[in-house]
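Chemist: The following comprises the amino acid sequence and a computationally predicted model.
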Amino acid sequence: MKIQAIEVYHVAMPIIYPFRVSFGDIAHIESILVRMVSEKQHGWSESCPLGAPAYSSEWTHGVFIMVRDWLAPLLVGKEVTSGEQLQRALSGVKGNYFAKAALDLAWWDLHARGMGKPLWQVIGGKGATVDVGADIGVMESLDALLAEIAKAKEAGFKRLKLKYRPGWELNMISAVREAYPDMVIHVDCNSAYTLADLPMFQELDRYHLAMIEQPLQHDDLLDHARLQASLRTPVCLDESIVSVDKARKAMALKACRWVNIKLGRVGGLTNALAIHDLCQEAGIPCWVGGMLESAVGQAHSIALATLPNIKYPSDIFPTSRFYHEDLGVPAITLSGPSQVTATTEPGIGCEPDARRLEERLVEKAIVE
Ligand code: OSB
Ligand code: MG
């Protein structure tokens with residue numbers, strides 16, 4: 001279909017309490033939404049790099065400018081019939097994955113709506129219901145953490161992800177393991193460490209964790225391969241997998257045994273599908289990560305999570321976990337313990353509420 005206009009929205013969304021991770025406290029969520037308009041339809045996307053370039057080198061205002069000034073002008077007025085074609089049209093711009101994702105994802109919603117089918121069916125999802133996990137940031141105290149874990153267990157979550165950083169590491173895990181010896185638990189380090197911390201990871205190896213997510217630097221593969229070779233616990237890469245090519249190299253180096261696929265980080269669904277298939281062929285299972293998006297972004301993540309090589313509960317959470325009121329309609333709710341169910345509506349089946357979009361707006365551009 002021919003792309004007639006691209007609207008870009010930078011929003012700031014309040015969350016209920018700050019999410020504390022190794023690189024700092026996330027106090028509110030700054031995200032980019034795109035509305036892509038063709039003759040007959042429109043599609044929505046969300047790409048959330050966070051307000052500061054602390055998770056990756058991208059940040060929300062930078063993504064806004066990148067989409068407005070460089071990427072959207074490459075698509076407006078063009079006939080785009082596939083995700084690969086869209087990515088080729090953007091390929092003159094290096095990197096800038098979150099920015100490309102905002103356009104790629106909006107195109108996929110537009111495309112699926114044009115077919116009158118839910119996006120998860122268009123991409124070959126195996127069933128509407130997917131497993132999701134609980135996750136808990138760094139807390140004020142071990143008692144506060146144990147109280148949160150008790151709630152997650154009570155709610156029936158099938159796995160627990162704990163943020164992990166210097167000062168909140170072996171002491172924390174040993175207390176958690178003592179209280180919950182059999183729970184499926186993994187830790188997410190968000191690149192807080194280097195190979196100099198190998199002795200700490202060898203200690204951590206005794207706690208039979210499901211995986212250790214992104215222990216080393218955000219753009220590293222080689223040191224992760226060295227670390228994986230000296231641990232029994234699987235390493236899962238998040239930050240390091242920004243492209244199909246990085247995924248291929250990670251497999252070749254044996255840098256990980258799991259891959260967390262995030263739609264924003266890899267430049268959208270087109271690349272996420274290619275990474276999913278590549279990992280499947282290499283015998284590396286995947287799961288879907290998130291960036292605390294609104295329901296619009298999470299609706300895209302749910303579609304990805306329906307694919308067959310998604311083998312571990314994903315980071316998709318009910319709206320009430322972080323938001324008083326979701327920007328997207330409908331909000332995300334659990335359809336059973338530790339699960340959510342994808343839409344029966346065409347596309348992602350979710351749009352931002354017009355009033356809330358206006359209220360949370362930081363800046364807006366229309367490219368036509
Ligand atoms: O590393 O997965 C991450 C949130 C913001 C930035 C990076 C990450 C996260 C999360 C989100 O861990 C967890 C969730 O969606 O439940
Ligand atoms: Mg992570």
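Modeler: All right, it came through fine. Numbers count the residues shown, from 1 in each chain. Ligands and ions are numbered 1, 2, ... in the order given.

Chemist: So the protein: which segments form each domain?
Modeler: The domain map for the chain lists 5-116+351-367, 121-341, with the assignment taken from automatic domain parsing.

Chemist: Between the ones you listed, which one is closest to ligand 2.
Modeler: Shortest separation from ligand 2 across these is recorded for domain 121-341, at 3.6 Å, computed as Cβ to the ion. For the C-beta atoms, the positions are set from N, CA and C on the backbone; glycine is no exception.

Chemist: average model confidence for that closest one?
Modeler: The predicted model assigns domain 121-341 a mean pLDDT of 98.

Chemist: now check it, is it near ligand 2?
Modeler: Yes - with Cβ under 5 Å from the ion as the criterion, ligand 2 is reached by domain 121-341 at 188, 213, 238.

Chemist: any idea which of these has the most stuff around it?
Modeler: Among the residues of domain 121-341 next to ligand 2, the one with the most neighbours (other Cβ atoms under 10 Å) is Glu213, at 28 neighbours.

Chemist: From Lys2, how far out is the residue in the stretch 51-200 of the chain that ligand 1 sits nearest to?
Modeler: For the stretch 51-200 of the chain, the nearest residue to ligand 1 under the criterion Cβ to the nearest ligand atom is Asp135, separated by 4.1 Å. As for Asp135, its distance to Lys2 is 41 Å (criterion: Cβ to Cβ, to the nearest Å).

Chemist: neighbour count winner among those two?
Modeler: More neighbours surround Asp135 than the other of Asp135 and Lys2, with 21 against 13 (other Cβ under 10 Å).

Chemist: And the more buried one, which helix or strand is it part of?
Modeler: Assigned by DSSP states H and E, Asp135 falls within strand 134-136.

Chemist: Parallel or antiparallel, which strands does that strand pair with?
Modeler: Sheet partners assigned to strand 134-136 using DSSP bridges are listed as strand 160-163 (parallel).

Chemist: which parts of whichever helix or strand comes after the partner strand are buried?
Modeler: Elements were assigned by DSSP H and E; along the chain past strand 160-163, the next helix or strand is helix 170-179. Of the residues in helix 170-179, those with enough neighbours to count as buried (16 or more other Cβ atoms under 10 Å) are 172-173, 176-177.

Chemist: contacting residues for Tyr312?
Modeler: For Tyr312, the contact set (Cβ atoms under 8 Å, 6 or more residues apart in numbering) comprises 131, 133, 159, 210-211, 258, 285-287.

Chemist: Make TSV from these and add distance to Thr306, neighbour count and secondary structure to it.
Modeler: Formatted as TSV, the entries for the contacts of Tyr312 read as follows, by distance: Cβ to Cβ, whole Å; neighbours: other Cβ atoms under 10 Å; DSSP: H, G, I helix; E, B strand; the rest coil:
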residue	distance to Thr306	neighbour count	secondary structure
Asp131	11	20	strand
Gly133	16	22	coil
Arg159	18	21	coil
Ala210	21	20	coil
Met211	21	22	coil
Trp258	18	21	strand
Pro285	15	16	coil
Cys286	12	27	strand
Trp287	12	28	strand
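
Chemist: out of these, who's nearest Leu222?
Modeler: The shortest distance between Leu222 and any of the contacts of Tyr312, using Cβ to Cβ, involves Trp258 and amounts to 18.0 Å.

Chemist: Figure out the helix or strand that the residue lying closest to Gln87 once chain neighbours are set aside lives in.
Modeler: Once flanking residues are discounted, Gln87 sits nearest to Thr270: 5.3 Å by Cβ to Cβ, 6 or more residues apart in numbering. Following DSSP H and E, one finds Thr270 within helix 269-282.
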